[in-house]
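Okay, structure incoming, though there's no sequence with it:
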Ligand code: PEP
């Protein structure tokens, strides 16, 4: 069964209205690629970003959502609100939210379910810390995060998993291709739809390492933080997809 490659950018708490020319800048690379391209700007820019990429095939997504659809939750944004603003996807369980906001697997599961209910594809992030990897517990930790974070009914659901080793995010350190290959294959074994679920790698992906990482059989794309802020770097990462096996899986 075919799995489409997805290259997703996470702008985190960066960007302003003046950043929206990014979409024109990456349009040529996106047009020449068979990959699906997704940008997750801060929610203040989501609507304008959706307008800026209309007709280009580039999609936009949220970086988080609340588990409820509406209510007294000051400062939060619900999945239906993201959808209305033009999002197709939403990142849930990013390690920065797990660390900064104490998000648990159970909360990530509730957010994933809220996303699906609103018609959004949840991009569910998992990944071990350096200490956990050094203790030889990386696969065990990630399997446990998946068991707790995947929606209750996840078979036949449009899920994306992002494997993001915490120690590789924003540090310039990248997991070795062997470690990524092993982890992605272990993750696939934990999934209800192993053959069709898209599994991204995230953690200091940049133009110089994208082709090696994207060339791995079980890597279906990338979740890119820092390098998604520069159109030239993000375009180069998109271009690296074409070096992935042809025809595209
Ligand atoms: C991320 O935040 O999801 C990420 C992978 O960041 P970076 O690419 O900067 O490591």
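Arrived safely. These numbers were taken from a predicted model, which means no experiment stands behind them.

by contact count, what packs against the strand or helix carrying residue 133?
Assessed by DSSP states H and E, residue 133 sits inside helix 130-134. Applying 3 or more CB pairs under 8 Å, 6 or more residues apart in numbering; DSSP states H and E, one finds that helix 130-134 contacts no other helix or strand. Yep, even glycine has a C-beta here, placed from its N, CA and C like the rest.

which element follows it toward the C-terminus?
Once helix 130-134 ends, the next helix or strand along the chain (criterion: DSSP H and E) is helix 138-149.

Give me the sheet partners of whichever helix or strand comes after that following helix and which way each runs.
Later in the chain than helix 138-149, the nearest helix or strand by DSSP H and E is strand 160-163. If you go by DSSP bridges, strand 160-163 pairs up with strand 121-126 (parallel), strand 198-202 (parallel).

which residues in this protein form strands?
Along the chain, counting by DSSP state E, strands occupy 6-10, 36-40, 59-62, 87-92, 121-126, 160-163, 198-202, 221-224.

how about those strands, which one is nearest the ligand?
When the strands of the chain are compared by CB to the nearest ligand atom, strand 198-202 sits nearest the ligand, at 3.5 Å.

so what pLDDT did residue 243 get?
On pLDDT, residue 243 comes in at 63.

coming back round to it: now the strands of the chain in a markdown table, with distance to the ligand and mean pLDDT?
Formatted as a markdown table, those follow (distance: least, CB to the nearest ligand atom, whole Å; pLDDT from 0 to 100):
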| stretch | distance to the ligand | mean pLDDT |
| --- | --- | --- |
| strand 6-10 | 5 | 98 |
| strand 36-40 | 9 | 98 |
| strand 59-62 | 12 | 98 |
| strand 87-92 | 8 | 98 |
| strand 121-126 | 7 | 98 |
| strand 160-163 | 7 | 98 |
| strand 198-202 | 3 | 97 |
| strand 221-224 | 5 | 98 |
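
if you compare the strands paired with strand 160-163, which one is most tucked away?
Most buried of the strands paired with strand 160-163 by mean neighbour count (mean count of other CB atoms under 10 Å) is strand 121-126; its value is a mean of 27.

Next, the angle strand 6-10 makes with that one.
70 degrees (axes from the mean of the first three to the mean of the last three CA atoms, to 10 degrees).

hmm, who's touching strand 121-126?
Residues from elsewhere that reach strand 121-126, judged by CB atoms under 8 Å, 6 or more residues apart in numbering: 8, 61, 88-95, 108, 111-112, 115-116, 142, 145-146, 149-151, 158-164, 187, 200, 202, 223.

Return the angle between stretch directions for that strand and strand 87-92.
20 degrees.

sorry, back to before: what's the closest of the strands paired with strand 160-163 to residue 14?
Of all these, it is strand 198-202 that lies closest to residue 14, at 15.9 Å by CB to CB.
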